[in-house]
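Peer 1: fold the following for me, if possible:
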Amino acid sequence: MIRAGRLKHVQTMSDLAEALGKKPATLRNQRPYAAEGHPVPISSPTSRAQLWDAEQTRAYYAGRPVPELPQADDDEDLLDRHEAARLLDVSPATWSGYKRHQDLVDGMVLVPEGPTGIEHWPRRLVLAYKNNRPGRGSGGGRPEGSGDMIPRDQIPARIAELLDADPAVTLESVAGTLGIAKFPTAQSGLVTLRGRRIADLVEARPGLDPRTAALRLGYPTSTHRGAIVMAERELRARSVLPYLQRTADFLATSGIAQRVRVEMRRVGGEHFATAVPLDADQPAAALVWDSRFGWRTATNRRHPMGKHTETAPVGDGIRYLGGGLKPEPEELLAALQDQRRGTERPMATADVDMEVDRAE
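Peer 2: Residues are numbered from 1 along each chain as shown. Next comes the predicted model:
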């Protein structure tokens, strides 16, 4: 977390590279920040971008003693989504629904400032939400807006509230309390959230299998099958996410792509994909990665994935790049910039390994 009053000392990967006279890509390859004794990041371990305290790194590289950071919690500490979720004892996915509350929207801080910044919230606002969120506190009872038709983008957060209060909450109870259809809205929401929370627990407890995780979370055995299938899909997507983010960051650092936070999208239920928008002067509008086919170019920047099909998309402007499902970023960049490279159809035609890759 960013301790109170330390925002001005926050140092990004690019800032650290500049301070050391290196390019960000070189810094990532050399990884001096992984050396024993190097100041640890102030960002959470699962954050998509590492942050350091500049006073600490400056002292370290100058050979001076590294100053300690404040240890006591403060209302003005800035928490990222993972830290805010832990404070509320919910999953980061659930927090993504909570953060739409107006007080949290108004108080959110981007670190660093700008469209690529990481969202943070003051501890006091997270605690205030925790103490006053619908369905909790001294009043208890049903969530705010019970029985009303609610906007679709608020449904996951509302279902999460009910699941927090009762892990065994039924489909009928969710539908009746929120005034939403049982099928597919309430059913899909419950299965998805239970699956994500199982995945969260499996990630946090190495060696734990999804079925045991479901039992520990208090989910009824009748819900296990769907939730475990969803958890396995979630873990499968998360296993490749570090590679995809590293590739997207490399393309942005190379000056050909917009810097984005990679987000996975399920296609056809069983598979998943993501897109990286490219700059206007590039030979394609975007690059798309599909768990079945690997990387390909796309011609539409606004809707790069296009409509779901069971077969690999083909046509003018579509080239499949790199050898296999996970080519190195340098190989991908070289193939993109050389019109002679690539194929009209994918060389890879199988999903990535189901095993969660904890090494990336």
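Peer 1: and for Arg319, nearest residue in space, chain neighbours not counted?
Peer 2: Spatial nearest neighbour of Arg319, excluding adjacent residues (Cβ to Cβ, 6 or more residues apart in numbering): Gly342 at 3.4 Å. The C-beta positions use only the backbone N, C-alpha and C, and glycine is treated the same way.
Peer 1: what residues of the helix ranked longest in the chain count as buried?
Peer 2: Longest helix in the chain, counting residues (DSSP state H): helix 224-253. Residues 224, 226-228, 230-241, 243-245, 247-253 are the ones in helix 224-253 that count as buried (16 or more other Cβ atoms under 10 Å).
Peer 1: likewise stretch 15-27?
Peer 2: Neighbour-count burial for stretch 15-27 [16+ other Cβ under 10 Å]: 15-17, 24, 27.
Peer 1: Serialize these to TSV and add fields for pLDDT and distance to Ser96.
Peer 2: Formatted as TSV, the buried residues of stretch 15-27 follow (pLDDT from 0 to 100; distance: Cβ to Cβ, whole Å):
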residue	pLDDT	distance to Ser96
Asp15	93	27
Leu16	94	28
Ala17	93	30
Pro24	88	27
Leu27	91	30
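Peer 1: nearest to Leu104, of those residues?
Peer 2: Asp15 (26.7 Å; Cβ to Cβ).
Peer 1: which residue, other than its chain neighbours, is closest to that closest one?
Peer 2: Here the residue nearest Asp15, using Cβ to Cβ, 6+ apart, is Ala54, at 7.1 Å.
Peer 1: which members of the buried residues of stretch 15-27 occur in helices, if any?
Peer 2: Those of the buried residues of stretch 15-27 mapping onto helices are 15-17, 24, 27, per DSSP H.
Peer 1: next, count neighbours for Glu76.
Peer 2: For Glu76, the count of nearby residues is 13 (other Cβ atoms under 10 Å).
Peer 1: average pLDDT for the longest helix of the chain?
Peer 2: Averaged over helix 224-253, pLDDT sits at 93.
Peer 1: so where is the protein shaky, pLDDT-wise?
Peer 2: 115, 133-150, 268-269, 348-360 (pLDDT under 70).
Peer 1: what about the helices in it?
Peer 2: Using DSSP H, helices in the chain cover 13-19, 24-30, 54-61, 81-88, 92-98, 102-107, 123-132, 155-165, 171-178, 187-204, 210-216, 224-253, 329-337.
Peer 1: and the contacts of the third one?
Peer 2: Residues from elsewhere that reach helix 54-61, judged by Cβ atoms under 8 Å, 6 or more residues apart in numbering: 9-11, 15-16, 19-20, 37-39, 65-67, 69.
Peer 1: next: the fifth one.
Peer 2: With contacts defined as Cβ under 8 Å, 6+ apart, helix 92-98 is touched by 46, 81-82, 84-85, 88, 90, 104, 129, 133, 154, 156-158, 160, 164, 193, 196-197, 200.
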